[in-house]
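> sequence and computational prediction follow.
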Amino acid sequence: MSLAMCILQNDYIIACADSAVAYFPDDGEKEATQFRSDKIFKLSDKVFFIATGKSILVSILKVELREVLSSNADLIMCMAVAERVLKDLKKGIVRNPEKIIRDLSDKLEMDFHYERDIEPALSLFQKDDYVDMAAYLIGFTDAGRSGMVDIRSSSFVKTPEDSLKGFPLIILGPDDEFNDDADQFSKYQKILIPPIEQRTFDNFMSRMVYVHAQISADNPINVSTDANFQILTKHNGEIMWQETKIDTLQFYKEWGLG
C-alpha cells in the first residue's frame, strides 16, 4: 500500500500522497520497486479520486470512471456514476479494457493481458470488504459544499458548515498493521487536527508534510518521501486547482528522522 491523506474545509480541500509502488511476493517479504504511481487522480473540474492498494484495481476503477464522467461533473454526479461502474465491475463488465491495459503498462513498464491480469482482478470487486483497495471521491457539489464519498460503502460525508463541528479527515496508512493500530492512527490524527484558532491553510499544509515525513521514514518500502499535493479551492463560486510536490527527505535531518 502507500500513504494518502486529505483534509476538507468549507472553502478548500488539501490532499497529498506518495508515489511508491511496492511489490508483495506471495511467499516473501515486501520489496521496494523503482516504479512510481500517482494516488490522486482528477475526475472532473470539481472532483478528484484518491485510491491506494492493488495497482491493477486502482487502474480499472480510475479508467472506467474517467471514460464516463464529464468535466463539469460534481461530487454527487461522480458518486452516482461510481455506483453504476462498481455494479458493472462486480458483474465482470469492463468497458475500456484496452485503455486499462495501456494505463497499467505505462505506469509499471511491463506487459499486461486481459485474460491473464484483468479478468482475475475483477473477482476482487465482488468481495464485500474491498480489503485490496481503499478509494474515495473528494470534491465539491454544484451547491458549493465540500465532501467525500467512500466508494466501498457509498457513504457521503459533507464538511460541516459550522467549523466548531470538526471536519472530514482521511489517513490511508502504508499497511494493514498501521491502519489497524488505533494508537498509531490516533497519534497522526491528532497532529492533523489542530485547535480551531490554528486551522489555517498554511498550518494544515505544514502538518501534512510533517506527518508524511514521519510515516515515510518509518515505512521506507511502502512510502516514498515525495508528498504530492492536489488542492481544490473555492473562490467566488469558482473551483481552482493547484498542484505542488514537496520532497520530505529535506526535513529528515532537521526532525531527526531516518
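Yep, that arrived.

> can you name the residues that contact residue 244?
For residue 244, the contact set (C-beta atoms under 8 Å, 6 or more residues apart in numbering) comprises 229, 231. Glycine gets a C-beta too; all of them are placed from N, C-alpha and C.

> so it bridges to which residues?
residue 229 (DSSP bridges).

> separation between it and residue 32?
Going from residue 244 to residue 32 by C-beta to C-beta, to the nearest Å gives 25 Å.

> any low-confidence regions in this protein?
1, 23-31, 129-131 (pLDDT under 70).

> name the SS class of the residue nearest the centre of it, please.
What sits nearest the mean C-alpha location of the chain, by C-alpha atoms, centre = their mean, is residue 50, with 2.3 Å. Following DSSP: H, G, I helix; E, B strand; the rest coil, we place residue 50 in the strand state.

> pairing partners for it in the sheet, please.
Under the criterion used here (DSSP bridges), residue 50 is bridged to residue 40, residue 136.

> you'd agree it is up against residue 42?
No: the pair residue 50 / residue 42 is not scored as a contact, 11.1 Å apart, by C-beta atoms under 8 Å.

> tell me how many other residues crowd residue 103.
21 (other C-beta atoms under 10 Å).

> before we move on, which element is it in?
Using DSSP states H and E, residue 103 falls within helix 97-108.

> tell me, how many residues neighbour residue 71?
Residue 71: 9 surrounding residues under other C-beta under 10 Å.

> that one - that's part of a helix, no?
No: assigned with three-state DSSP, residue 71 falls outside any helix and is coil.

> skipping adjacent residues, who's closest to residue 126 in space?
In this structure, residue 126 finds its nearest non-sequential neighbour in residue 90, 5.3 Å apart by C-beta to C-beta, 6 or more residues apart in numbering.
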